[in-house]
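Chemist: Make a model of this:
(2 chains)
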There are 2 protein chains.
Amino acid sequence: MTDDAVVLVNAAAEDDVAAEHVVDIFPLSGYYFGSSLNPLFLKDHSLSRFRANYEARGLRTCVQAVILVELFKHPHILLLQVKNSSFKLPGGRLGIGEQDIEGLRRKLSRKLSLDDGDNEAEWEVRECLGMWWKPDFETLFYPYLPPNIKSPKECAKLFLVKLPVSHKFIVPKNMKLLAVPLCQLHGNDKTYGTIIAGIPQLLSKYSFNMIDT
Amino acid sequence: MTDDAVVLVNAAAEDDVAAEHVVDIFPLSGYYFGSSLNPLFLKDHSLSRFRANYEARGLRTCVQAVILVELFKHPHILLLQVKNSSFKLPGGRLGIGEQDIEGLRRKLSRKLSLDDGDNEAEWEVRECLGMWWKPDFETLFYPYLPPNIKSPKECAKLFLVKLPVSHKFIVPKNMKLLAVPLCQLHGNDKTYGTIIAGIPQLLSKYSFNMIDT
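Modeler: Residues are numbered from 1 along each chain as shown, chains lettered A, B, ... in the order given. Have a look, this model is predicted:
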């Protein structure tokens, strides 16, 4: 009797775990991609500005969106590219006192839905997938706070953002929006950087439910 | 009025997300580590056995435990080492029809609590952290099912296993149990293999609450 009860509890726990790790993804063809007439003003990424901002405001927190679409029956991630330079996840730095989810919605509207009015609430920001820390101004990002680091300089937080079945993307004139397959990102630190190349791992607990529309 | 309501909802959602991502970890010094008089019989890891088992039973599923302890204020992972060969997470292959959590508890009792009677229910197996797939017998593991793969040959599932404040580990005579810091695992594929070297990323969404005892 006791044995049976234990097994039932296990099975139920496992079903719960399984259920929360299924993500519906929709075909790329259901989305509209357009370009705005306006470019996005690009911030100064200099080390001196980073230092000055840290002195004034403390830890810099960047929130970034992992947005999935289906193409050729394989999950793809949406990345932004400025001209032909490095790839970036859609997102950006939080304002002073701004909450993660609120800030990410603001950034997504600004970078992916230009000219489309105020639709910030439409972005369905789900769980945090991972956090990366920069212990000092000129170091790499690490997926943990390194030992003995009391005041890290930057934190990048990745969130799963769930798309509806259709959406109109309007990106700034000076940016490209790309859909890159998980199998191309994995282990490809040189092209995409450590954070983006690690996304397939962060998503590996999920089962993707690819919905035909 | 509407704006305020939206902000409240966001803040609440964020608190929930934050709360579920805190993991208590306890000092290594609170645990007892001993060695059994008995070795563990090591299975034949040959390709021919892998093929024969696949023919007979289909996909091989391995469940593996990510167990955290605190040492020098930094999270460490418990790894097993057979003689001086490769490092492994505690765990192993599921039996036919065996559930993930049930199987992982059985394997943990067998490899980490030898001679200690039937205490399988004591292992607190939490959420799945990641899954790795082997598309064919002689390929690497990938953190996704590669495109066009209909019948993968092996799946490795990593689960977070929460330790109580104290526990008695008794490992087989032919194995060593080690506590390795996250900062040593990250990016160190050559020493630990891709799956173990990726654990710091899989854990990066958690905040560790290191409890002084």
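
Chemist: Report the beta-bridge partners for the most centrally placed residue in chain A.
Modeler: Nearest to the geometric centre of chain A sits residue A:65, at 2.3 Å (C-alpha atoms, centre = their mean). Note on residue A:65: beta-bridge partners residue A:159, judged by DSSP bridges.

Chemist: residues contacting it?
Modeler: A:78, A:89, A:90, A:91, A:104, A:107, A:108, A:123, A:125, A:158, A:159, A:161 (C-beta atoms under 8 Å, 6 or more residues apart in numbering or on different chains). For every residue, glycine as well, the C-beta is placed using N, CA and C.

Chemist: Residue A:33 in helix, strand or coil?
Modeler: Following DSSP: H, G, I helix; E, B strand; the rest coil, residue A:33 is assigned to strand.

Chemist: Would you state the helices of chain A in chain order?
Modeler: Ranges of helices within chain A are A:2-20, A:47-57, A:100-112, A:182-185, A:189-197, A:199-202, based on DSSP state H.

Chemist: where among those is the average confidence lowest?
Modeler: For the helices of chain A, mean pLDDT drops lowest on helix A:2-20, to a mean of 44.

Chemist: Show the backbone phi and psi for the residue nearest to residue A:130 when sequence neighbours are not counted.
Modeler: Among residues not flanking residue A:130 along the chain, residue B:204 sits closest, at 4.0 Å (C-beta to C-beta, 6 or more residues apart in numbering or on different chains). In terms of degrees, to the nearest 10, the main-chain angles of residue B:204 are phi -70, psi -20.

Chemist: For residue B:204, give its distance to residue A:145.
Modeler: As judged by C-beta to C-beta, to the nearest Å, residue B:204 and residue A:145 stand 10 Å apart.

Chemist: of those two, who's got more company?
Modeler: Legend: neighbour count by other C-beta atoms under 10 Å in any protein chain shown for residue B:204 and residue A:145, higher for residue B:204 (28 against 21).

Chemist: Relative to residue B:53, how far out is that one?
Modeler: 34 Å.

Chemist: dump the residue contacts of the closest residue to residue A:151 other than its chain neighbours.
Modeler: The spatially closest residue to residue A:151, leaving aside those adjacent along the chain, is residue A:59, at 7.5 Å (C-beta to C-beta, 6+ apart). Contacts for residue A:59 (C-beta under 8 Å, 6+ apart) come out as A:151, A:152, A:153, A:154, A:155.

Chemist: and which of the residues you listed is nearest residue A:129?
Modeler: Residue A:129 lies nearest to residue A:155 out of these, by C-beta to C-beta, at 13.7 Å.

Chemist: now the residue lying closest to the closest one once chain neighbours are set aside: how far from residue A:98?
Modeler: The spatial neighbour of residue A:155 that comes closest, neighbours along the chain excluded (C-beta to C-beta, 6+ apart), is residue A:61 at 5.0 Å. For residue A:61, the distance to residue A:98 equals 9 Å [C-beta to C-beta].

Chemist: Measure how buried the closest residue to residue A:193 other than its chain neighbours is and give me the count.
Modeler: Distances taken as C-beta to C-beta, 6+ apart put residue A:86 closest to residue A:193, at 6.8 Å, once the chain neighbours are dropped. The number of residues packed near residue A:86 is 13, by other C-beta under 10 Å.

Chemist: now residue A:86: how far from chain B?
Modeler: 20 Å (C-beta to the nearest C-beta, to the nearest Å).

Chemist: so residue A:57 sits right up against residue A:94, yeah?
Modeler: No - applying C-beta atoms under 8 Å, one finds residue A:57 not in contact with residue A:94, separated by 9.9 Å.

Chemist: more neighbours, these two?
Modeler: Neighbour count, other C-beta under 10 Å: between residue A:57 and residue A:94, residue A:94 has more, with 22 against 14.

Chemist: Now do the contacts for the residue lying closest to residue A:210 once chain neighbours are set aside.
Modeler: Excluding the flanking residues, the one nearest residue A:210 by C-beta to C-beta, 6+ apart is residue A:70, at 4.6 Å. Residue A:70 makes contact with A:25, A:26, A:27, A:28, A:76, A:208, A:210, A:211 under the criterion C-beta under 8 Å, 6+ apart.

Chemist: and with 6 Å instead?
Modeler: By C-beta atoms under 6 Å, 6 or more residues apart in numbering or on different chains, the contact set of residue A:70 is A:25, A:27, A:210.

Chemist: For it, which residues count as its bridge partners?
Modeler: Where residue A:70 sits in a bridge, its partners, by DSSP bridges, are residue A:27, residue A:75.

Chemist: ok, now how distant is it from residue B:213?
Modeler: From residue A:70 over to residue B:213 the distance is 48 Å, taken as C-beta to C-beta.

Chemist: next one: residue A:171
Modeler: Separation of residue A:171 from residue B:213 (C-beta to C-beta): 52 Å.

Chemist: Residue A:192 contacts residue A:88, doesn't it?
Modeler: No - contact between residue A:192 and residue A:88 fails when scored by C-beta atoms under 6 Å: they sit 9.6 Å apart.

Chemist: With neighbour numbers in mind, choose between the two.
Modeler: Between residue A:192 and residue A:88, counted using other C-beta under 10 Å, residue A:192 has the larger neighbour count: 22 against 19.

Chemist: What residues does that one make contact with?
Modeler: By C-beta under 6 Å, 6+ apart, residue A:192 lies in contact with A:87, A:185.

Chemist: show me where pLDDT drops low in chain A?
Modeler: For chain A, residues meeting the criterion pLDDT under 70 lie at A:1-20, A:115-121.

Chemist: Up against chain B, what does it have?
Modeler: Residues of chain A lying close to chain B (C-beta under 6 Å from any C-beta of the partner chain) are A:10, A:14, A:17, A:74, A:99-102, A:127-128, A:130-131, A:143-144, A:146-147, A:182-183, A:198, A:200-201, A:204-205.

Chemist: that older thread, neighbour count winner among residue A:171 and residue B:213?
Modeler: residue A:171 (21 against 9).

Chemist: With that, I have no additional questions.
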